[in-house]
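**Q** Sequence plus predicted model, see below.
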Amino acid sequence: PFTGDGTNTYIVGEGAVAVIDPGPHDAAHLDAILKATAGERIVQILVTHTHVDHSPGAVPLARATGAPVLGRRPLHGAGQDATFAPDEELFGGEVLGLAVAGTGEAWGQPGGSDASQARRISMDEAVALALENNLDLQVERISPQVQDLSVAQVRTGYTPTFTSNINWNDQTQPPVSLLAGNNLQIVTTTSRYEFGFGALNRFGGNYNLSLNNNRVTTNNIFTNFNPQLAANVSLNYTQPLLRNFKIDGTRQQLLVSQKTREISAVQLQQSIALTARNVKTAYYDLVFAVSNLSVQQQSLELARQSLKDSRARVEIGTVAPIDLVQGEAEVAQREESVILAEAAIARAEDRLRTLVFNPGQPDFWRMRIEPADAVSFRAIPVDTDAAITRALQSRTDLVASRKQLESNDVNIRFFKNQTMPDVSASIDG
């Protein structure tokens with residue numbers, strides 16, 4: 001049936017049918033619906049929105065058929081049916097199955113979410129996903145690797161060094177006297193080969209081994225030996241006795257870099273523990289938000305039922321119409337609570353989503369999260385002394401602070417050592 005310029009009433013099903021948008025409170029329109037459903041049984045009345053040309057006909061149709069009315073609360077503003085009070089309140093995100101024979105279709109509220117995008121996860125699964133996908137943890141895992149490279153870079157101070165120098169020189173000059181050794185020109189060729197090997201040891205000493213080899217050829221007739229060869233091997237070892245003996249700059253940098261590496265590992269453990277705690281807190285917040293929405297919906301249903309009863313009493317004249325104001329205010333307050341509860345669920349989902357899932361997923365913001373675990377409360381006895389002892393031994397922030405103190409002690413040892421006289425023993429050979 002169609003009424004006016006745009007009221008569309010749909011009848012879905014066969015045998016047992018559902019009426020969608022029963023239209024205005026118009027006797028002719030109601031009669032048209034009843035004639036169209038002659039021989040059928042109306043089992044549900046669904047109102048998609050509360051414009052005055054869509055929802056007012058729900059009340060007389062429900063009285064005529066006994067079918068329940070399903071829909072959402074009326075919005076405020078012109079053209080809205082402020083008196084609409086469904087038997088069953090619908091909320092955003094629901095998927096509604098119409099109980100009509102011969103159909104297998106599901107109808108969803110406008111603005112609802114696709115159920116296939118809902119992800120049902122337990123708390124343990126949420127923690128495991130967070131440890132794998134959390135961006136902050138991915139950054140923290142890089143820090144120990146960077147510190148490993150810093151330690152390796154400092155260790156290169158103990159890597160032996162090999163040096164070599166090869167030099168070749170050819171000199172040609174004219175004779176300057178009859179005794180110059182050649183009447184035409186004097187040619188002198190010099191070849192030099194130098195090789196060295198040195199390293200720093202763990203006690204601050206360093207050693208150097210060098211090999212030098214020279215070869216000189218000339219056409220000077222006054223040269224007694226041609227070619228002339230010269231070679232020598234030298235060895236030097238220098239050991240500090242006071243300053244730089246127990247600790248030097250290289251050992252100080254190595255010890256500090258190792259402590260920094262240990263601190264980064266502890267900080268990674270701390271980040272893992274903090275992320276797991278944040279995930280559990282966000283998970284419990286979502287469980288609470290979902291439960292709170294259920295409570296607020298039940299409260300709204302009670303308020304609507306109370307208002308419905310009050311309207312019935314007004315119709316029979318047992319109470320004055322002014323008494324409806326308090327009931328309507330109570331319903332409005334409960335509706336506000338439901339809206340706030342829905343917003344709280346969205347915020348809790350966002351917090352848990354950012355902790356658990358990878359933002360690079362294409363459905364990151366569209367996916368709904370459904371907690372699979374219920375909150376259970378149980379008393380756990382706590383041994384205060386044992387808890388304090390364990391905290392002092394195992395808390396990651398205390399462990400990191402202790403290692404930072406150890407790093408500071410290394411720096412203090414080094415600076416004290418640098419105040420000592422510079423006395424060294426040297427051996428040459």
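**A** Cool, got the structure. Numbering: from 1, shown residues only.
**Q** May I see the buried residues of stretch 262-273?
**A** For stretch 262-273, the neighbour count (16 or more other C-beta atoms under 10 Å) marks Glu262, Ile263, Ser264, Ala265, Val266, Gln267, Leu268, Gln270, Ser271, Ile272 as buried. Using the backbone N, CA and C atoms, a C-beta is placed for each residue, glycine as well.
**Q** what helix or strand is the fifth one on?
**A** Element membership for Val266 (DSSP states H and E) is helix 249-316.
**Q** so after that helix, what's the next helix or strand?
**A** The C-terminal neighbour of helix 249-316 among helices and strands, as given by DSSP H and E, is helix 324-356.
**Q** Alpha carbons only: can I get the helix or strand following that following helix in CSV?
**A** Downstream of helix 324-356, the next assigned helix or strand under DSSP H and E is strand 368-371. Only the C-alpha atoms of strand 368-371 are listed here, as CSV (Å, rounded to 0.1, in the frame of the first residue of the first chain):
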residue,chain,number,x,y,z
ARG,A,368,34.2,-4.9,15.5
ILE,A,369,35.6,-6.7,18.6
GLU,A,370,33.6,-9.0,20.7
PRO,A,371,35.1,-10.3,23.9
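**Q** who does strand 368-371 touch, helix- and strand-wise?
**A** Counting contacts by 3 or more C-beta pairs under 8 Å, 6 or more residues apart in numbering; DSSP states H and E, strand 368-371 packs against strand 118-121, helix 249-316, helix 324-356.
**Q** just to revisit the earlier point, could you export the buried residues of stretch 262-273 to TSV, including columns for pLDDT and distance to Asn169?
**A** Converted to TSV, the buried residues of stretch 262-273 look like this (pLDDT from 0 to 100; distance: C-beta to C-beta, whole Å):
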residue	pLDDT	distance to Asn169
Glu262	93	55
Ile263	93	56
Ser264	92	54
Ala265	92	57
Val266	91	60
Gln267	90	59
Leu268	91	59
Gln270	90	64
Ser271	91	63
Ile272	91	65
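**Q** Now do Thr37 against Pro68, distance only.
**A** Separation of Thr37 from Pro68 (C-beta to C-beta, to the nearest Å) stands at 16 Å.
**Q** can you check Leu61 too?
**A** Taking C-beta to C-beta, one finds Leu61 at 11 Å from Pro68.
**Q** more neighbours, these two?
**A** Leu61 (24 against 15; other C-beta atoms under 10 Å).
**Q** That one against Leu30, yeah?
**A** Yes - with contact defined as C-beta atoms under 8 Å, Leu61 counts as touching Leu30 (6.1 Å).
**Q** Now for the two: what residues contact both?
**A** Pro22 (C-beta atoms under 8 Å, 6 or more residues apart in numbering).
**Q** Ile247 belongs to a helix, doesn't it?
**A** No - going by DSSP: H, G, I helix; E, B strand; the rest coil, the assignment for Ile247 is coil, not a helix.
**Q** Lowest mean pLDDT among the helices and strands of the chain, which one is it?
**A** Least confident helix or strand of the chain, by mean pLDDT, DSSP states H and E, is strand 106-108 with a mean of 39.
**Q** before we move on, the earlier item: who touches both of Leu61 and Pro68?
**A** Shared contacts of Leu61 and Pro68, defined by C-beta under 8 Å, 6+ apart, are found at Ile45.
**Q** Could you measure from Ala332 over to Gln326?
**A** For Ala332, the distance to Gln326 - C-beta to C-beta - is 11 Å.
**Q** correction: Leu149
**A** 72 Å.
**Q** same check, this time on Ser234
**A** Distance of Ser234 to Gln326, given as C-beta to C-beta: 107 Å.
**Q** repeat for Ser294
**A** From Ser294 to Gln326 the distance is 25 Å (C-beta to C-beta).
**Q** Verify the stated contact: Ala230 with Tyr193.
**A** No - Ala230 lies out of contact with Tyr193 (C-beta under 8 Å); the separation is 10.9 Å.
**Q** any common contacting residues for these two?
**A** Counting by C-beta under 8 Å, 6+ apart, the residues touching both Ala230 and Tyr193 are Asn212, Asn213, Asn214.
**Q** Out of those, which is nearest to Val47?
**A** Asn212 (103.2 Å; C-beta to C-beta).
**Q** Could you pull out the buried residues of the helix or strand where the closest one lies?
**A** For Asn212, the host element (DSSP H and E) is strand 206-218. Neighbour counts over strand 206-218 (16+ other C-beta under 10 Å) mark Tyr207, Asn208, Leu209, Asn214, Val216, Thr218 as buried.
**Q** Partner strands of it and their direction?
**A** Its sheet considered, strand 206-218 pairs with strand 186-200 (antiparallel), strand 228-240 (antiparallel) by DSSP bridges.
**Q** Out of those strands, flag the one nearest Leu300.
**A** Of all the strands paired with strand 206-218, it is strand 186-200 that lies closest to Leu300, at 78.9 Å by C-beta to C-beta.
**Q** Let me see the mean pLDDT of the closest one.
**A** Mean pLDDT, computed over strand 186-200, is 91.
**Q** With stretch 407-422 instead?
**A** The model assigns stretch 407-422 a mean pLDDT of 94.
**Q** Can you list the buried residues in that stretch?
**A** By neighbour count on 16+ other C-beta under 10 Å, the buried set for stretch 407-422 is Ser407, Val410, Phe414, Asn417.
**Q** Dump it to CSV, keeping only the CA atoms.
**A** Extracted as CSV, the C-alpha positions of stretch 407-422 are listed here (Å, rounded to 0.1, in the frame of the first residue of the first chain):
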residue,chain,number,x,y,z
SER,A,407,77.2,1.8,34.3
ASN,A,408,77.7,4.9,36.4
ASP,A,409,80.2,3.0,38.6
VAL,A,410,82.2,2.1,35.5
ASN,A,411,82.4,5.8,34.5
ILE,A,412,83.5,6.8,38.1
ARG,A,413,86.2,4.1,38.0
PHE,A,414,87.5,5.4,34.7
PHE,A,415,87.5,9.1,35.7
LYS,A,416,89.3,8.2,39.0
ASN,A,417,91.9,6.2,37.1
GLN,A,418,92.5,9.2,34.8
THR,A,419,93.7,11.2,37.8
MET,A,420,96.7,8.9,38.4
PRO,A,421,100.2,9.6,37.0
ASP,A,422,100.9,8.5,33.5
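**Q** which residues sit against that stretch?
**A** Under the contact criterion C-beta under 8 Å, 6+ apart, stretch 407-422 has outside partners 240, 242-249, 252, 255-256, 259-260, 263.
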